[in-house]
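>>> okay, sequence plus prediction incoming.
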Amino acid sequence: GAGVSQSPSNKVTEKGKDVELRCDPISGHTALYWYRQSLGQGLEFLIYFQGNSAPDKSGLPSDRFSAERTGGSVSTLTIQRTQQEDSAVYLCASRRVQETQYFGPGTRLLVL
Amino acid sequence: AQSVSQHNHHVILSEAASLELGCNYSYGGTVNLFWYVQYPGQHLQLLLKYFSGDPLVKGIKGFEAEFIKSKFSFNLRKPSVQWSDTAEYFCAANNAGNMLTFGGGTRLMVKP
């Protein structure tokens, strides 16, 4: 079946611009996660959506980062006023209740 | 604080050598443990997982891991590696479906 998909696969932007990254989870998966993979920090949790509950935003590094999940399915991660240190691969994962998280291919973001 | 640590950052082996990658965790409550693999140019894939029951778990491609509660460890093993096992391996943990905490990863290179 179809896995987690993310778009775009690559994004190059200028410092100070806003970017939006999209995640389409596996159909029927109730939980959705965003992580970031960078050279200096490894794999870090950003934000977690579970059903209709308020998201767990405890991993967001600053208030420039936000995410929403519309209709319990697609999610968008927005980074405002991008900085060079935001350059990383942004990963999305989804799961059913209590099951394993399945990861998408990621969006590679480069901030110039 | 919850943490996962991997002792080996880089491992180089010849084909047919045995592999053991260390993973230790510091987690309160009931912990779930995972090993993910990232092949060059590909996304994170699940190798194996431990939720409960038999502490020796078998995964795909001949990998296995043993949960040793007294040592807070979940080491990954394979009796005979192949060139195609060249990848980065991540140990991860969570509590009951929450966000994953990842170790720093181990880059494995298998020489043909």
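The structure has been received and is ready for your questions. These numbers come from a predicted model, not from an experiment. Numbers count the residues shown, from 1 in each chain, chains lettered A, B, ... in the order given.
>>> and A:F65, how many residues sit next to it?
Neighbourhood size, A:F65 [other Cβ atoms under 10 Å in any protein chain shown]: 18. The C-beta positions use only the backbone N, C-alpha and C, and glycine is treated the same way.
>>> ok now do the nearest residue to it once chain neighbours are set aside, which residues does it touch?
Distances taken as Cβ to Cβ, 6 or more residues apart in numbering or on different chains place A:I79 nearest to A:F65, at 5.7 Å, with adjacent residues excluded. Going by Cβ atoms under 8 Å, 6 or more residues apart in numbering or on different chains, A:I79 touches A:18-19, A:21, A:64-65, A:86, A:109.
>>> can you check A:T107 too?
Contacts of A:T107 by Cβ under 8 Å, 6+ apart are A:6-11, A:21, A:89-90.
>>> and B:G41, by the same measure?
By Cβ under 8 Å, 6+ apart, B:G41 lies in contact with nothing.
>>> okay, it: pLDDT?
pLDDT, B:G41: 88.
>>> what's the answer for B:G29, then?
Looking at B:G29, its pLDDT is 83.
>>> for A:S66, give its distance to B:V31.
30 Å (Cβ to Cβ, to the nearest Å).
>>> okay, the two: which has more neighbours?
Using other Cβ under 10 Å, the more surrounded residue of A:S66 and B:V31 is B:V31, with 21 against 14.
>>> my guess is the more buried one meets B:V4, correct?
No. Checked against Cβ atoms under 8 Å, the pair B:V31 and B:V4 is beyond contact range at 9.8 Å.
>>> shared neighbours, these two?
B:25, B:93.
>>> excluding chain neighbours, what is closest to B:E64?
Closest to B:E64 by Cβ to Cβ, 6+ apart is B:K58, at 4.8 Å.
>>> quick check: the one you found vs B:P79, distance?
B:K58 is 12 Å from B:P79, by Cβ to Cβ.
>>> swap in B:A1?
35 Å.
>>> which one's more surrounded, these two?
The residue with more neighbours, out of B:A1 and B:P79, is B:P79; 12 against 6, by other Cβ under 10 Å.
>>> wait, isn't the more buried one in contact with B:A16?
No. In this structure, B:P79 is not within contact of B:A16 by Cβ under 8 Å, at 9.2 Å.
>>> low-confidence stretches in chain B?
Scanning chain B for pLDDT under 70 picks out the ranges B:97.
>>> my error: substitute chain A in the last question.
For chain A, applying pLDDT under 70 flags the ranges A:1.
>>> strands of chain A, start to end?
Along chain A, counting by DSSP state E, strands occupy A:5-7, A:10-13, A:19-24, A:31-38, A:42-50, A:65-69, A:75-79, A:88-95, A:102-103, A:107-111.
>>> list the neighbouring strands of the last one plus their orientation.
Each strand pairing with strand A:107-111, determined using DSSP bridges, is listed with its direction: strand A:10-13 (parallel), strand A:88-95 (antiparallel).
>>> next: the third one.
In the sheet containing strand A:19-24, the strands it pairs with under DSSP bridges are strand A:5-7 (antiparallel), strand A:75-79 (antiparallel).
>>> chain A contacts on chain B?
B:34, B:36, B:42-46, B:49, B:90, B:92, B:96-105 (Cβ under 8 Å from any Cβ of the partner chain).
>>> now those: which count as buried?
With neighbours counted by 16 or more other Cβ atoms under 10 Å in any protein chain shown, the residues of chain B next to chain A contain buried members at B:34, B:36, B:43-44, B:46, B:49, B:90, B:92, B:97-103, B:105.
>>> show me what from chain A comes close to chain B.
Residues of chain A lying near chain B (Cβ under 8 Å from any Cβ): A:31, A:33, A:35, A:42-45, A:48, A:50, A:56, A:59, A:91, A:93, A:95, A:97-106.
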